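Chemist: structure for this input, please:
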Amino acid sequence: MTITTLSARDFNQDVGRAKKATINGPVIITDRGKPAHVLMSIDEYRKLRGGKKMSLLESLTPSHPAALDDDFEFQKFGGITKQVELD
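Modeler: The predicted structure follows:
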């Protein structure tokens, strides 16, 4: 596996080169000299995820238990919704 590093400017000027480089491994895109993004092939991404398909709810739920906040409550916004009477 080869890791390719491109600046954001180089990435923007030659996206095709970055896409081709993902055949050999991930492409790290830097912003002001610091790693900011990773581009990889869909096959490598699926391997990384373990090939598991996720529902929308699973994809939006934090995977690390410490990230879950038991004290979180949704705020109620008055005036945005109205009661509907059904006859």
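
Chemist: and for P26, the neighbour number?
Modeler: Residues within reach of P26, counting by other C-beta atoms under 10 Å, total 19. Glycine gets a C-beta too; all of them are placed from N, C-alpha and C.

Chemist: do the same with the one 10 residues further on
Modeler: Burial measure for A36: 13 neighbouring residues, criterion other C-beta under 10 Å.

Chemist: list the contacts for it?
Modeler: 8, 29-30 (C-beta atoms under 8 Å, 6 or more residues apart in numbering).

Chemist: which of those fall in helices?
Modeler: A8 (DSSP state H).

Chemist: just checking, T5 is part of a strand?
Modeler: Yes - according to DSSP: H, G, I helix; E, B strand; the rest coil, T5 belongs to a strand.

Chemist: that older thread, between the contacts of A36, which sits nearest L48?
Modeler: I29 (17.2 Å; C-beta to C-beta).

Chemist: ok, of the contacts of A36, which come out buried?
Modeler: Buried members of the contacts of A36, scored by 16 or more other C-beta atoms under 10 Å, are 29-30.

Chemist: in a markdown table, list the contacts of A36 along with pLDDT and distance to E85.
Modeler: Putting those into a markdown table (pLDDT from 0 to 100; distance: C-beta to C-beta, whole Å) gives the following:
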| residue | pLDDT | distance to E85 |
| --- | --- | --- |
| A8 | 95 | 55 |
| I29 | 95 | 54 |
| T30 | 95 | 58 |
